[in-house]
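Student: compute the structure for the input listed below.
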Amino acid sequence: MATADGTAATPGIREHPLRESLLHEAHARPFESLSAPLRVSHLVVHTGTSGRAEELAHVAELCRELRVEAPGAEAGHFTLETEHFRLRWERHTEFSTYTVFVAGGESEPFASPALGAMPRRWLSGVPGELLAAVHVSLLRAEDIGESPSIIARYFREDSMAGSRCAGDAASVWTDFLADRDGFIRVLVLDRSLSAPQAGRLVQRLLEIETYRLMALLGFPLARRLSPDITEMETQLGTLMDRLSSVAALDDERNLLSSLSALSARVEQLMAQTNFRFSATAAYGTLVRRRLAALRERRIEGVSTLDEFMERRLAPALDTCVHMSDRLERVSRRVSRAANLLRTRVDVALEAQNRDLLESMNRRARLQLRLQETVEGLSVVILSYYSVSLIGYALRGAAAAGLNIRPDVYTALSIPVVAGVVALGVREVRRRVTRADGGLP
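Tutor: Predicted structure coming up:
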C-alpha cells in the first residue's frame, strides 16, 4: 500500500499480501444515503454456493441493455445507476440480494413499488429461487401521520408491529405478511432522519427480513428430522437393554454390528443437517443484532419488531437448536455404547485367546514329553540293533580263528553304542529344530 505521493506507507517493512484487501473489507458494502420520499423493493434469491458466475452474467446483460459498465468477474456487489432507478446487487454465501431504489413519493404507500421501474423481462430471468421479497416506503411523517389507526389501513391490524427507531428519528411499521404479490410491506416514517441514518435504517430492516427467512430454512428440516431422531433414540434404548443382558460373544458381535449401523445413520444425518442448522443459528444471531441496532422504543398499543420476532421467530430457532442438540446427544450415546461393547468384545476375545494359548501350551508340553519318550525308545531300539550287529560280527570273527571272547566284547560295547546313539539322536533333533526356526 502506498501514500498519496506514491511512497510506501511503511518503508522497509514487507506488507502482508492480504493487508490491503482486509483494510478495504470494512468499507466493501457501504450503506446507501437515502432521503424521503423514497420507494425500495428488495429481492432475496436463494442460489446455493455456486451461482456467482450466472448472476454476474445476468447483471452484465442488464448493463449492456442500459449501456453502462458491467461488474468485474470477481465482484461480490455492484450498484447500477440510471435516470429512473438505482439497482444494488450483493452476493452472499448462499443467496443474493437485488435492491431497487426509486426516488419520489406515492399517492398512497405501496401503490407504485420501486420494482415496477425495472425491465420485467430481465426480472423474470433472475437466476435462483425467490425466498424473500420486501417493499419499503420511506415517507415524511408529516405527510401521512403516525397514528396506529391510520397506519392500520396498510397492514393487518392483528399482526401489525411498529416502534420508534434511531433515537425517535423515525417510526417503522410492518405486519410481516405477504401482500397479493408476495411482498412484505414495511413503512418507514421519517421524523428527523439524516440521509446516512435513513440508509442505515432501511438497510437493517431489509437485512432483518432477509436473515429471518434464511434462518427459517432450517425449521422445516428440523420438523422432518424429529421422527427420525425419536426412532433412533428408541432403537438405541432397545440396544442398550440388550447390552445389559447379552453374554455370548456371537450375540455381542451382532449387537456391535447393530450399533455400528445406527452410528452410521446418525453420522449421515449429522452430515446432511450440520450446515443448515449452523447457518440457522448464525442467521438468527444476525437478526437479533440488526434488531438491537434499531434501538426501538415502544409505541403504545403495538408490538415492537423485537417482540414480534421473539414471539414468532425464536420458537423456530429454538426448535432447530433442540433438534441439533438431540442429534448430537444420540451420536455421543451411540459412540459410548459402541465403545463399551467393543471393549467387552475385546476382553472376551482376549480371554478366548488366552485359553487357546494355554491349551496350545499344554499340547506342546505333552508333545515334548511324548517326543522325549520316543527319543528314549529310539535310543534303546537303535542301541539294541547296533549291539546285536556287533555281537554277530564278533562271533563271526571268533569262528574265523581270532582269539576273542564275543560275549565279553559285546557286553563292553553296550554303553559305548548307547552313548553314541544318544548323541546322534540329540544332534539330529537339534538340526531339525534349527531348520524349523529358520536358523542357518
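
Student: pLDDT value on the nearest residue to Arg39 once chain neighbours are set aside, please?
Tutor: Spatial nearest neighbour of Arg39, chain neighbours left out: Ala114 (4.0 Å); criterion: Cβ to Cβ, 6 or more residues apart in numbering. C-beta: built from backbone N, CA, C; applies to glycine. You'll see Ala114 listed with a pLDDT of 93.

Student: do the same with Ala8
Tutor: pLDDT at Ala8 comes out at 50.

Student: how much space separates the closest residue to Met118 other than its chain neighbours from Asp241?
Tutor: Distances taken as Cβ to Cβ, 6+ apart place Val100 nearest to Met118, at 5.8 Å, with adjacent residues excluded. According to Cβ to Cβ, to the nearest Å, Val100 stands 62 Å off from Asp241.

Student: ok, now His92?
Tutor: Taking Cβ to Cβ, one finds His92 at 48 Å from Asp241.

Student: those two: who's more crowded?
Tutor: Set His92 next to Asp241 and count neighbours by other Cβ atoms under 10 Å: His92 wins out with 15 against 10.

Student: return the distance of that one relative to Val136.
Tutor: Taking Cβ to Cβ as the measure, His92 falls 19 Å from Val136.

Student: repeat for Val126
Tutor: From Val126 over to Val136 (counting by Cβ to Cβ), the distance is 19 Å.

Student: out of these two, which sits in the more crowded spot?
Tutor: Val136 (29 against 20).

Student: run through the bridge partners of the more buried one.
Tutor: Val40, Val186 (DSSP bridges).

Student: go on, the one 4 residues further on?
Tutor: Beta-bridge pairing for Arg140 (DSSP bridges): Asp190.

Student: keeping just the C-alphas, turn stretch 375-387 into CSV.
Tutor: The C-alpha coordinates for stretch 375-387 follow below in CSV (Å, rounded to 0.1, in the frame of the first residue of the first chain):
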residue,chain,number,x,y,z
GLU,A,375,13.6,-90.5,21.6
GLY,A,376,14.4,-92.7,24.6
LEU,A,377,12.8,-95.7,22.9
SER,A,378,14.6,-94.9,19.7
VAL,A,379,17.9,-94.9,21.6
VAL,A,380,17.1,-98.2,23.1
ILE,A,381,16.0,-99.8,19.9
LEU,A,382,18.9,-98.4,17.8
SER,A,383,21.3,-99.4,20.6
TYR,A,384,19.8,-102.9,20.7
TYR,A,385,20.2,-103.5,17.0
SER,A,386,23.6,-101.9,16.9
VAL,A,387,24.9,-104.2,19.8
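
Student: next, the buried residues of that stretch.
Tutor: For stretch 375-387, the buried set under the neighbour-count rule, 16 or more other Cβ atoms under 10 Å, comprises Val379, Leu382, Ser383, Ser386, Val387.

Student: next one: stretch 251-266
Tutor: Buried-residue list, stretch 251-266, by 16+ other Cβ under 10 Å: Glu252, Leu255, Leu256, Ser258, Leu259, Leu262, Ser263, Arg265, Val266.

Student: same thing with stretch 79-95?
Tutor: Neighbour counts using 16+ other Cβ under 10 Å place Leu80, Phe85, Arg86, Leu87, Arg88, Trp89, Glu90, Arg91, Glu94, Phe95 of stretch 79-95 among the buried residues.

Student: among these, which are located in strands?
Tutor: Leu80, Arg86, Leu87, Arg88, Trp89, Glu90, Arg91, Phe95 (DSSP state E).

Student: out of those, what pair is the most spread apart?
Tutor: Arg86 and Phe95 (20.7 Å; Cβ to Cβ).

Student: what about the strands in the protein?
Tutor: 38-46, 77-81, 86-91, 95-103, 129-140, 161-165, 170-178, 184-190, 297-298.

Student: now the ones you listed as JSON lines including mean pLDDT and distance to Ala314?
Tutor: Listed next are these as JSON lines, based on pLDDT from 0 to 100; distance: least, Cβ to Cβ, whole Å:
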{"stretch": "strand 38-46", "mean pLDDT": "95", "distance to Ala314": "21"}
{"stretch": "strand 77-81", "mean pLDDT": "89", "distance to Ala314": "30"}
{"stretch": "strand 86-91", "mean pLDDT": "93", "distance to Ala314": "27"}
{"stretch": "strand 95-103", "mean pLDDT": "94", "distance to Ala314": "22"}
{"stretch": "strand 129-140", "mean pLDDT": "94", "distance to Ala314": "19"}
{"stretch": "strand 161-165", "mean pLDDT": "94", "distance to Ala314": "14"}
{"stretch": "strand 170-178", "mean pLDDT": "93", "distance to Ala314": "14"}
{"stretch": "strand 184-190", "mean pLDDT": "95", "distance to Ala314": "19"}
{"stretch": "strand 297-298", "mean pLDDT": "94", "distance to Ala314": "18"}
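
Student: export those to CSV and tack on distance to Leu317?
Tutor: Shown next, in CSV, are the strands of the chain (distance: least, Cβ to Cβ, whole Å):
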stretch, distance to Leu317
strand 38-46, 18
strand 77-81, 28
strand 86-91, 24
strand 95-103, 18
strand 129-140, 17
strand 161-165, 18
strand 170-178, 15
strand 184-190, 19
strand 297-298, 23
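
Student: Gly401 is nearest to which of those strands?
Tutor: strand 38-46 (124.2 Å).

Student: what packs against that closest one?
Tutor: Packing partners of strand 38-46 (3 or more Cβ pairs under 8 Å, 6 or more residues apart in numbering; DSSP states H and E): strand 95-103, strand 129-140, helix 195-216.
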